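Visitor: For reference, the sequence and a predicted model appear below.
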Amino acid sequence: MIRERIAKPDPGPVNMPDYEAARAEFNWAQARAELDGLPGGGLNIAHEAVMRHASAPLAESIALRWVGKRDEIVEFRYAELACEVARFANLLDALGVGAGETVGSFAGRLPHLYVAALGTLAHRSVFCPLFSAFGPEPLLARLGPSRAKLVVTTERLYTRKLAPLREQLPDLEHVLLLDRDLDRDRPAPLPAGARSLVAALREMSSDYAIPPTDPEDPALLHFTSGTTGKPKGALHVHEAVVAHHITGRLALDLRPGDVYWCTADPGWVTGTSYGIIAPLTNGVTMLVDEAEFDARRWYQLLQDQRVTVWYTAPTAIRMLMRAGAELAREYDLSRLRLIASVGEPLNPEAVRWGVEAFGRPIHDNWWQTETGGIIVANYASMPVAPGSMGKPLPGIDVAIVGRDEQSGALEILDEPGVEGELAIRTPWPSMFRAYLDQPERYQACFVDGWYLSGDLASRDAEGYLWFIGRTDDVIKSAGHLIGPFEVESALLEHPAVVEVAVIGKPDELVGAIVKAFVVVRPGRVPDEALRRELLGFARTRLGPVVAPRELEFCDDLPKTRSGKIMRRLLAARELGLPEGDTSTLESTPHD
């Protein structure tokens, strides 16, 4: 079956005009050759992102444009950013932070957070970003195992959240405040145990020679909770920059001269891989907005900053959909060349809404914290398949796999439409190299040369991949496997529905029935008539086996701090189980 395809009206010149030719010709050695490498050999992320541009034609181009909550603007040209990065690396030397030791960040979008990240990488220390909304328990669960020696944060976050934990963090020797001394007239004394980052940087030299860096030297530590167990620390190396760069060029179509806006929080993996590294290696101007989501503000920024490539998340797209396509059309967004989405699967309705609101579809892509970079994407030169993750990146081999019932051996499922686990042939540059202090858990992710993602998917006859659900989210009903995403996407087609989550509710007869939780659009009454209408609507589109048997209206859906819907919290409520502390959970698929 060939599903719907949406072609861009006029894609124009793109970095990858012919996908099949690119796959046939691609090799990772050539991708590596696009980068500079250190003068004495080796590979360092900060050198590729910033330092090599400091004395090149891009030296005077804007690398980072930061817009504050009150619309103040701070800019760093590539040469200026290189100087600040050098100062931070020298500061780490002065503080006795060594190569391979961890530097944590615990803050929102502030200009010097990006300096700290790149300076850490230049110094060959390990950068570990943390989400600023974390409470004490999730913060301790990550900082403790990371053995961070230094943390950059804000004065408020330090005083309220981090300072009370100092006695439980014996490895933490230094705290630097990102927001201190930006206002030089501030008279209040510094909190005990912390110092001003800006003041400390003023004392440092802007000359720094990046030491020899082995591509396998540790660089990034990202914690991900997944669906069960304690947070896992996924460790990535400097070699990952090869994938960051090439996926930025091929999947996001980045090129020098672009104004690029990634809305991901710097505490998540997307905020590092595609909020810092990929855009800078590709020589673009990186836009950073300090403020939280506001539809009008976002459209104003897209217009005024003349954004060409925009990388955002389904949660944000759903909120923009609530505001209506009419609002988007009030602004001049003609500079937008590509809109991409990541974080969780993007429903077909959102892809089509992109055409209505922006005149172009939204390009979904797929990757995980563990993959380190984009693995599957809808590319600029290809028709977008609404609801599909897209096709694998050149240089990446993926398969739909199952297990032999007798031997347990891995089986490749080649037939189109067959459902199985999504697997990736190893290795690739941004593949994680370890789970921190959990070697057995790491080894369990790999079988016969394949990384097992834990996501169920299928591949159609044209090679597009379709997400079904996490292996532990899939509903088994009367012998059928039902993916929540398929049911949610169908219900979102109804004009009354703005958000939906689907779970399997235990049933003695069939094992589980499909139950939907629905948030309706403003102005629609969530009454019994609408409930019956939605159940019939879903049954018509999905058939009686897959369609929900039950439907419950709610004012909002429970979400993680990063905006992903927590289906298992809904399932726990349905079963009357204790909900526990779910404020720290984030799922691994579509990072």
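Guide: On my side now, so go ahead.

Visitor: residues contacting residue 482?
Guide: Contacts of residue 482 were listed using Cβ atoms under 8 Å, 6 or more residues apart in numbering, and they are 474, 475, 476, 504, 514, 545, 546. Backbone N, C-alpha and C define where each C-beta goes, glycine included.

Visitor: Now, of the residues you listed, which are buried?
Guide: Neighbour-count burial (16 or more other Cβ atoms under 10 Å) is assigned, among the contacts of residue 482, to 474, 475, 504, 514, 546.

Visitor: you'd agree the third one is up against residue 510?
Guide: The one in question is residue 504. No - Residue 504 is beyond contact range of residue 510, at 10.0 Å (criterion: Cβ atoms under 8 Å).

Visitor: residues shared between the contacts of the two?
Guide: residue 477.

Visitor: what about the stretch 101-250 of the chain, any weak spots by pLDDT?
Guide: The model of the stretch 101-250 of the chain has pLDDT under 70 over residues 182-187, 225-229.

Visitor: The stretch 251-400 of the chain: strands as residue ranges?
Guide: Ranges of strands in the stretch 251-400 of the chain, per DSSP state E, counting those that start in this stretch, are 259-262, 285-289, 309-312, 338-341, 363-366, 376-377, 391-392, 398-403.

Visitor: got the domain boundaries for this structure?
Guide: 81-238, 473-575 (automatic domain parsing).

Visitor: can you put those in a markdown table and add distance to residue 368?
Guide: As requested, the domains of the chain are exported to a markdown table (distance: least, Cβ to Cβ, whole Å):
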| stretch | distance to residue 368 |
| --- | --- |
| domain 81-238 | 8 |
| domain 473-575 | 13 |
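
Visitor: so residue 128 bridges to which residues?
Guide: residue 104 (DSSP bridges).

Visitor: ok, residue 102 to residue 80 distance?
Guide: Relative to residue 80, residue 102 is positioned 27 Å away (Cβ to Cβ, to the nearest Å).

Visitor: returning to that earlier point: deepest of the strands of the stretch 251-400 of the chain, which one?
Guide: Mean neighbour count (mean count of other Cβ atoms under 10 Å) peaks for strand 363-366 among the strands of the stretch 251-400 of the chain, with a mean of 26.

Visitor: If you average the pLDDT over that one, what comes out?
Guide: The average pLDDT within strand 363-366 is 96.

Visitor: Wasn't residue 46 part of a strand?
Guide: No - using DSSP: H, G, I helix; E, B strand; the rest coil, the secondary structure at residue 46 is helix, not a strand.

Visitor: mind listing what it touches?
Guide: Neighbours of residue 46 in contact, by Cβ under 8 Å, 6+ apart: 85, 89, 118, 119, 121, 122, 210.

Visitor: try 10 Å this time
Guide: By Cβ atoms under 10 Å, 6 or more residues apart in numbering, residue 46 lies in contact with 52, 82, 85-86, 88-89, 117-124, 127, 208, 210, 213, 219, 238, 241, 276-277, 280.

Visitor: Please, a PyMOL command that selects the buried ones among those?
Guide: With 16+ other Cβ under 10 Å as the criterion, this PyMOL line picks the buried residues out of these:
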select buried, resi 52+82+85+86+88+89+117+118+119+120+121+122+123+124+127+208+210+213+219+238+241+276+277+280
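
Visitor: Residue ranges in the chain under the pLDDT threshold?
Guide: For the chain, the ranges with pLDDT under 70 are 1-2, 8-11, 182-187, 225-229, 478-481, 561-563, 577-591.

Visitor: Select the longest helix from it.
Guide: helix 78-95 (DSSP state H).

Visitor: Any idea how far that helix is from the middle of the chain?
Guide: 27 Å (Cα atoms, centre = their mean, to the nearest Å).

Visitor: who are the neighbours in contact with the spatially closest residue to residue 22 that is not a sequence neighbour?
Guide: Leaving aside its chain neighbours, residue 22 sits nearest to residue 394 (4.6 Å; criterion: Cβ to Cβ, 6 or more residues apart in numbering). Applying Cβ under 10 Å, 6+ apart, one finds that residue 394 lies in contact with 16, 19-28, 31, 246-247, 250-251, 379.

Visitor: shouldn't residue 49 be in contact with residue 282?
Guide: Yes - Residue 49 lies in contact with residue 282 (Cβ atoms under 10 Å); the separation is 9.4 Å.

Visitor: quick one: which of those two has more around it?
Guide: residue 49 (32 against 25; other Cβ atoms under 10 Å).

Visitor: just the helices in the stretch 151-300 of the chain please.
Guide: For the stretch 151-300 of the chain, the helices defined by DSSP state H, counting those that start in this stretch occupy 155-157, 197-202, 240-250, 269-272, 278-281, 295-304.

Visitor: want to throw those helices into JSON lines with distance to residue 351?
Guide: Formatted as JSON lines, the helices of the stretch 151-300 of the chain follow (distance: least, Cβ to Cβ, whole Å):
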{"stretch": "helix 155-157", "distance to residue 351": "37"}
{"stretch": "helix 197-202", "distance to residue 351": "42"}
{"stretch": "helix 240-250", "distance to residue 351": "20"}
{"stretch": "helix 269-272", "distance to residue 351": "19"}
{"stretch": "helix 278-281", "distance to residue 351": "23"}
{"stretch": "helix 295-304", "distance to residue 351": "18"}
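
Visitor: winner for burial among those?
Guide: Most buried among these, counting by mean count of other Cβ under 10 Å: helix 278-281, with a mean of 28.

Visitor: what's the offset of that one from the middle of its chain?
Guide: 15 Å.

Visitor: Mind giving me the packing neighbours of that helix?
Guide: Based on contacts counted as 3 or more Cβ pairs under 10 Å, 6 or more residues apart in numbering; DSSP states H and E, the elements that helix 278-281 packs against are helix 45-49, strand 62-67, helix 240-250, strand 259-262, strand 285-289, strand 309-312.

Visitor: what's the spacing between the nearest residue to residue 77 once chain neighbours are set aside and residue 80?
Guide: Using Cβ to Cβ, 6+ apart and skipping the chain neighbours, the partner closest in space to residue 77 is residue 60 (5.4 Å). Distance of residue 60 to residue 80, computed by Cβ to Cβ: 9 Å.

Visitor: Neighbour count for those two, which is higher?
Guide: residue 80 (18 against 10).

Visitor: In contact with the more buried one, which residues?
Guide: Residue 80 neighbours (Cβ under 10 Å, 6+ apart): 50, 54, 59, 60, 62, 63, 64, 206.

Visitor: and the gap between the fifth one and residue 80?
Guide: In this structure, residue 62 lies at 9 Å from residue 80, with Cβ to Cβ as the measure.

Visitor: Same check on the last one?
Guide: The spacing between residue 206 and residue 80, counted by Cβ to Cβ, is 9 Å.

Visitor: Could you do residue 522 as well?
Guide: Taking Cβ to Cβ, one finds residue 522 at 46 Å from residue 80.

Visitor: Equivalent analysis for residue 43, please.
Guide: Distance from residue 43 to residue 80, by Cβ to Cβ: 24 Å.

Visitor: Please apply the same query to residue 432.
Guide: Distance from residue 432 to residue 80, by Cβ to Cβ: 33 Å.

Visitor: How about stretch 207-220, which residues are buried there?
Guide: So, applying 16+ other Cβ under 10 Å, buried residues of stretch 207-220: 208, 210, 213, 215, 217, 218, 219, 220.

Visitor: Show the contacting residues for the fifth one.
Guide: Residue 217 makes contact with 42-45, 99-100, 121, 124, 126, 211, 237-239, according to Cβ under 10 Å, 6+ apart.

Visitor: How about the first one?
Guide: Residue 208 makes contact with 46, 51, 82-83, 85-90, 92-93, 119, 122-123, according to Cβ under 10 Å, 6+ apart.

Visitor: cool, and the third one?
Guide: Contact partners of residue 213, counting by Cβ under 10 Å, 6+ apart, are 37-38, 40-47, 99, 121-124, 219, 237-239.
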